[in-house]
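Asker: next come a sequence and a model predicted from it.
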Amino acid sequence: DAMVIQNPRYQVTQFGKPVTLSCSQTLNHNVMYWYQQKSSQAPKLLFHYYDKDFNNEADTPDNFQSRRPNTSFCFLDIRSPGLGDAAMYLCATSREPYEKLFFGSGTQLSVL
Amino acid sequence: DAKTTQPPSMDCAEGRAANLPCNHSTISGNEYVYWYRQIHSQGPQYIIHGLKNNETNEMASLIITEDRKSSTLILPHATLRDTAVYYCIVRALYNQGGKLIFGQGTELSVKP
């Protein structure tokens, strides 16, 4: 059974049109992460939540926001997607920051 | 976190052992070596991790040199399903929130 679930698997949006990607987990983990992975590149950490505490990476653009309304759900909001934001977005969880991460299958975002 | 160096690609014959090297010459005393893999179009999957002793689990073995400046991931009997990108990551668990920062990885192709 999937433990970190990302929906949808594929998302198409228009240039400049806000889009939200969702992630849910059945593991009851404290930490949730969002990574961006562009074609043929390694995943890049955007931000993470430890419980309700939000931690942004220094080089994450302001265009990217996140919400975590409860333990199980976390959302990635892209306020004004550009063509350069087309990528696979990966959600991951860990019980504590120093424990192993469990990844979802990702959402492939296309920007037209 | 310390940087890692991995060969960009490797081939392995099915049924043979796959030995994936990783150099982490600037690793510090509190940093662990983690290995993840990413099968095409899926999220990364945890394989194994270690501090200074060799480790083995149901997926692989991790051999860390005595000076901890390099390590080798061993898949004892590679199958076609082991074809993936393998990431060696040095992770400071108790500093910087234990963030998992990916390098470029090794693309392993297992051939019949």
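Answerer: Cool, the structure landed.
Asker: please name the nearest non-neighbouring residue to the residue in chain B positioned nearest to chain A.
Answerer: Nearest residue of chain B to chain A, counting by Cβ to the nearest Cβ: residue B:43, 3.1 Å away. In this view, the C-beta of every residue, glycine as well, is placed from N, C-alpha and C. The shortest distance from residue B:43 to any non-neighbouring residue, by Cβ to Cβ, 6 or more residues apart in numbering or on different chains, is to residue A:103 (3.1 Å).
Asker: what's the pLDDT at the one you found?
Answerer: Looking at residue A:103, its pLDDT is 96.
Asker: that one pairs with what?
Answerer: Following DSSP bridges, residue A:103 is listed with bridge partners residue A:92.
Asker: residue 29: neighbour count?
Answerer: Using chain A here. Taking other Cβ atoms under 10 Å in any protein chain shown as the neighbour definition, residue A:29 ends up with a count of 19.
Asker: hmm, no, I was thinking of chain B.
Answerer: Residues near residue B:29, counting by other Cβ under 10 Å, number 8.
Asker: ramachandran angles for it?
Answerer: Backbone torsions of residue B:29, given as degrees, to the nearest 10, read phi -60, psi -30.
Asker: before we move on, the earlier item: can you name the residues that contact the residue nearest to residue B:43?
Answerer: By Cβ atoms under 8 Å, 6 or more residues apart in numbering or on different chains, the residues touching residue A:103 are A:4, A:90, A:91, A:92, B:43, B:44, B:45.
Asker: contacts only, for the nearest residue to the first one once chain neighbours are set aside.
Answerer: The reference is to residue A:4. Taking Cβ to Cβ, 6+ apart, and ignoring the residues beside it in sequence, residue A:4 has residue A:104 as its nearest neighbour in space, at 3.9 Å. Taking Cβ under 8 Å, 6+ apart as the criterion, residue A:104 is in contact with A:2, A:4, A:5, A:6, A:23, A:90, A:91, A:92, B:43.
Asker: the same query, at a cut-off of 6 Å, please.
Answerer: When contacts are counted by Cβ atoms under 6 Å, 6 or more residues apart in numbering or on different chains, residue A:104 is found next to A:4, A:6, A:91, B:43.
Asker: and the second one, what helix or strand is that in?
Answerer: Using DSSP states H and E, residue A:6 falls within strand A:4-7.
Asker: so what's the gap between the helix or strand following that strand and the chain middle?
Answerer: Secondary structure here is assigned by DSSP H and E; on that basis, the next helix or strand after strand A:4-7 toward the C-terminus is strand A:10-13. The chain centroid and the centroid of strand A:10-13 are separated by 14 Å, computed with Cα atoms, centre = their mean, to the nearest Å.
Asker: could you do stretch A:44-60 as well?
Answerer: Using Cα atoms, centre = their mean, we find the averaged C-alpha position of stretch A:44-60 to lie 10 Å away from the chain's own average C-alpha position.
Asker: for it, output the C-alpha coordinates as CSV.
Answerer: Coordinates of the C-alpha atoms in stretch A:44-60 are reproduced here as CSV (Å, rounded to 0.1, in the frame of the first residue of the first chain):
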residue,chain,number,x,y,z
LYS,A,44,16.6,19.5,-5.2
LEU,A,45,15.1,20.3,-1.8
LEU,A,46,12.7,23.2,-1.8
PHE,A,47,11.5,23.2,1.8
HIS,A,48,10.3,21.0,4.6
TYR,A,49,7.9,21.0,7.6
TYR,A,50,8.8,19.7,10.9
ASP,A,51,5.4,19.4,12.4
LYS,A,52,4.0,22.9,11.9
ASP,A,53,7.4,24.6,11.6
PHE,A,54,8.2,25.6,8.0
ASN,A,55,11.8,25.6,6.8
ASN,A,56,12.6,27.2,3.5
GLU,A,57,15.8,26.5,1.6
ALA,A,58,17.7,29.7,0.9
ASP,A,59,17.5,29.4,-2.9
THR,A,60,13.9,28.4,-3.2
